[in-house]
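# Fold the stuff below for me.
(chains A, B and C)
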Amino acid sequence: MTSEPLRAPRPATGSITSQFGRNAPPYLDGLNEEQRDAVLTTEGPLLVLAGAGTGKTRVLTTRIAHIMRTNLARGSEILSVTFTNKAAREMKERVGSLVGAGVEGMPWLGTFHSISARLLRRHAELVGLKADFTILDTDDQVRLIKQLLEADNIDEKRWPARQFAGMLDNWKNRGQLPKDVSPADAAGFANGMGQKLYQQYQDRLKMLNAADFGDLLLECIRLFREQPGVLAEYHRRFHYLLVDEYQDSNVAQYLWLRLLAQGRPAPEANLCVVGDDDQSIYGWRGAEVDNILRFEKDFPGAKVIRLERNYRSTSNILAAASHLIAHNESRLGKTLQTDVGEEGEKVAVTSVWDSEEEARTIGEEIEQYQRQGDKLNSIAILVRASFQMREFEERFITLGLNYRVIGGPRFYERREIRDALAYLRIVSQQADDLAFERIVNTPKRGLGDTTIKTLYDTARLQRIPLFAATRLLIETEELKPKQRSTLKALVMQFDDWSERARTIPQAELAEQILDESGYTAMWQNDKAPDSPGRLENLKELVRSMEEFDTLGGFLEHISLVMDRDTGADSDAVSIMTLHAAKGLEFNTVFLPGLEEGLFPHQRALDEGGRAGLEEERRLAYVGLTRARKRLRLSLAQNRRIHGLWQSAIPSRFLDELPAAVVEVKDTGSSYGGYTYGGRAGGRFDLRDPFESGYETPGWQRAKAQQGSRKGGGPVTIDGDLVARSTDDGRGSAYAPGQRVFHLKFGYGTIATLEGNKLTIDFEKAGRKKVLDSFVQKG
DNA sequence: CAACATCTACTTTTT
DNA sequence: GTAGATGTTG
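From the prediction side, this is the model:
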């Protein structure tokens, strides 16, 4: 292990201003004391606890600029890790504008995954890969697993490939190789086949010269551990390490970082991590808040700086957010203080009849704000789950209101894009079996299962890639003449394209490939309504290729940087999930769907228990703190989930807001007198604000409903969201032909029933599926 | 082998 | 309500 001498003495804490006297460099202007401290404390381990809206990114970027400006290190000697591509891009831009240099000056600024990929390509052969290895995404992963399951005669119905992919992910997030997986863990899949499958999967990846997302980190860790010389090289290279959103790091990322920070003894590591434990919202995917909570133990002598001055929100908004998050028990604890100096509007809570009315109301409000001169760009709708977006999109289309969905179904995940990429991947790497398999019969070439199976058998027998096997087979009589000539033509086409790849720009090549393969024609002839859109996407794909120098570079970009530019040029309302909203801010924020079961999400509660609830609460906190001036929450009394209408009870998070800053509204269209604000004398019950979330009125009621409900009893609209899978459906009180009444659809007759799900022909609304708990005998 | 029809399971969040 | 997977037919 190499260890360099310290470059500069650590500045004493009290001397921030004295360090520069009155000649502080201009980039420090406008930073408050703590922020400056964080920028100037370059040496030794540093933990910056940065609350929402306290200028975290500014500190990080200024810090990098400071290190470079004062010649402590060059851009190429600073490793800065972010969690998302968006954050990496933003940091590059901001550092660039501070230093006045191009982005190229910071080759090691990127996400964990992109930096890992870069490292691995340099040393691929040391971990059993070639430098041009393919990066698999979830879809490839699942298909590969399916093949393994089939080969091992494991029933895919009983043991879904998706589930195993999830387990793989978990193991890899925890930094576990096949040998490290605990038997108990692995036993949970396919009668104890888990570990063996994991090993088989890894072997197969190596055969395919491929790595999945988890491998990027895992193989890096292995590389560092097994090749001390390589690790030492990076110890020498990186003089400063910075990590953004540290609260989102998982075990593998932690190990990765630890290894890189080991260049010096822990108390001297120049490692700066920035994060906010209250904004840890990726626990479900392996993030360990513990990493940030434990930092001072990991790096003894670490300095801790708290950024608590909020420059974003009005005091009302901040009060709501702080009060809410105070209900969490496991947190380091910070007290945000507003620096905006404005009380602002109260936080509005609106209760509406259903999600349709919710969309309508919000649409109207936005139009009103627009008339008042607000920019649509300054307005966002943040949802818990992406299915909520649809209703808003539909409504906004009819209103002619400009909107933009951020994060939505990812561009690269679209079928046409994946197909097109598969062609390119084969051109780039003929051994890419997963790509070959994907497009060998797309567009339809008259190749069926039997032909594919022959290819497969040959490939397996000879231990060669599918493409190579095909090459062999077309020289034999094993295939029927028709298939043989088809495949022969295909192989020749690919050879031709590979040849051309050397001479013509890849964007042009892609266009030719799509045309010559008949792929474009396939969609042109498809009369499905979305075909034109797909063709448009293909065009966009080709267009986006123009920015890259090589095909390989483009493919790397696609697999790691999945989001495309979100065209922020036009004025539009942003619609996104709460997860996608982290790090953003808007003047006006709408938070719809504050209902038990949706937010907090039922699944988080079921699977995560108390920790799950606390993470949901942090998610709510993230949502609330996105707002600068105006925060508008809403809840629907009825919502359709899985095509079934369910009535909802208000989210417990609403009970956790301080009454003084909240204004309850009602659209007046509720049925039967039940409204959110209508109970408890026009205000929601507010008990001791620091009591456990489990004891709030909403939760109490939800619990009271559980199990107490019997089929056929009088239906109180007050909540049967909890009538979910736990309902054993014992003895429904209904039978086909029976006349019933439903609050939303009116009178109808039961057509069929299945457990507690009824199919009812309503007199006015037509045939609908509903839960039995929402109708009463009519 | 492909097209069609039917059925089913699914909907949290993503590098 | 949907997209995918499966099954059945020509």
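# Count the neighbours of A:N173 for me.
Using other CB atoms under 10 Å, A:N173 is surrounded by 20 other residues. Using the backbone N, CA and C atoms, a C-beta is placed for each residue, glycine as well.
# same deal with A:R236?
Applying other CB under 10 Å, we find 12 other residues in the vicinity of A:R236.
# Past the helix or strand hosting it, which element shows up next along the chain?
Counting by DSSP states H and E, the element that carries A:R236 is helix A:228-237. Scanning the chain past helix A:228-237 towards its C-terminal end, the next helix or strand to appear is strand A:240-243 (assignment: DSSP H and E).
# Who are the packing partners of that next one?
helix A:56-69, strand A:78-82, helix A:251-261, strand A:271-275 (3 or more CB pairs under 8 Å, 6 or more residues apart in numbering; DSSP states H and E).
# hmm, who's touching that strand?
Applying CB atoms under 8 Å, 6 or more residues apart in numbering, the contact partners of strand A:240-243 are A:42, A:60, A:63-64, A:67, A:72-73, A:77-81, A:249, A:257, A:260-261, A:269-275.
# for the residue in the stretch 151-300 of chain A positioned nearest to DNA strand B, what are its contacts?
Ranked by CB to the nearest atom of the strand, the top residue of the stretch 151-300 of chain A for proximity to DNA strand B is A:W284, at 3.8 Å. Under the criterion of CB under 8 Å, 6+ apart, the contact partners of A:W284 comprise A:604, A:607-608, A:615.
# Can you tell me which of these are buried?
If you count burial by 16 or more other CB atoms under 10 Å, the buried members of the contacts of A:W284 come out as A:604, A:608, A:615.
# and the gap between the second one and A:F653?
As defined by CB to CB, to the nearest Å, A:G608 lies at a distance of 16 Å from A:F653.
# repeat for A:I366
Using CB to CB, A:I366 is found at 23 Å from A:F653.
# So between the two, which is more surrounded?
Taking A:I366 and A:F653 together and counting by other CB under 10 Å, A:F653 has the greater number of neighbours (27 against 23).
# Would you confirm that the more buried one contacts A:Y621?
No: between A:F653 and A:Y621 there is no contact under CB atoms under 8 Å: 9.3 Å.
# Point out the residues in the stretch 501-650 of chain A that sit beside DNA strand B.
Applying the criterion CB under 7 Å from any atom of the strand, the portion of the stretch 501-650 of chain A that neighbours DNA strand B consists of A:560, A:562-563, A:577, A:579-580, A:601, A:603-604, A:607-608, A:642-643.
# scratch that, the stretch 351-500 of chain A
Contact residues, the stretch 351-500 of chain A versus DNA strand B (CB under 7 Å from any atom of the strand): A:384-387, A:407, A:410, A:441, A:444-451, A:483.
# Can you select the buried ones from those residues in PyMOL?
For selection in PyMOL, the members of these meeting the burial criterion (16+ other CB under 10 Å) are listed in this command:
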select buried, chain A and resi 384+386+407+441+445+447+451+483
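# what about A:E391, helix or strand, and which?
Assigned by DSSP H and E, A:E391 falls within helix A:387-399.
# Quick one: list the elements packing against that helix.
Under the contact rule (3+ CB pairs under 8 Å, 6+ apart), helix A:387-399 is packed against helix A:355-371, strand A:379-383, strand A:403-406, strand A:573-577.
# Closest to A:S114 out of the contacts of A:W284?
Within these, the smallest distance to A:S114 is 26.1 Å, found for A:E615 (CB to CB).
# on contacts alone, who are the packing partners of the helix or strand hosting that closest one?
A:E615 is part of helix A:602-624 when elements are defined by DSSP H and E. On a contact count with 3+ CB pairs under 8 Å, 6+ apart, helix A:602-624 meets helix A:315-325, helix A:578-581, strand A:586-591, helix A:652-655.
# make it 6 Å
With contacts defined as 3 or more CB pairs under 6 Å, 6 or more residues apart in numbering; DSSP states H and E, helix A:602-624 has these neighbours: helix A:315-325, helix A:578-581.
# Report the rounded mean pLDDT for the first one.
What helix A:315-325 shows for mean pLDDT is 93.
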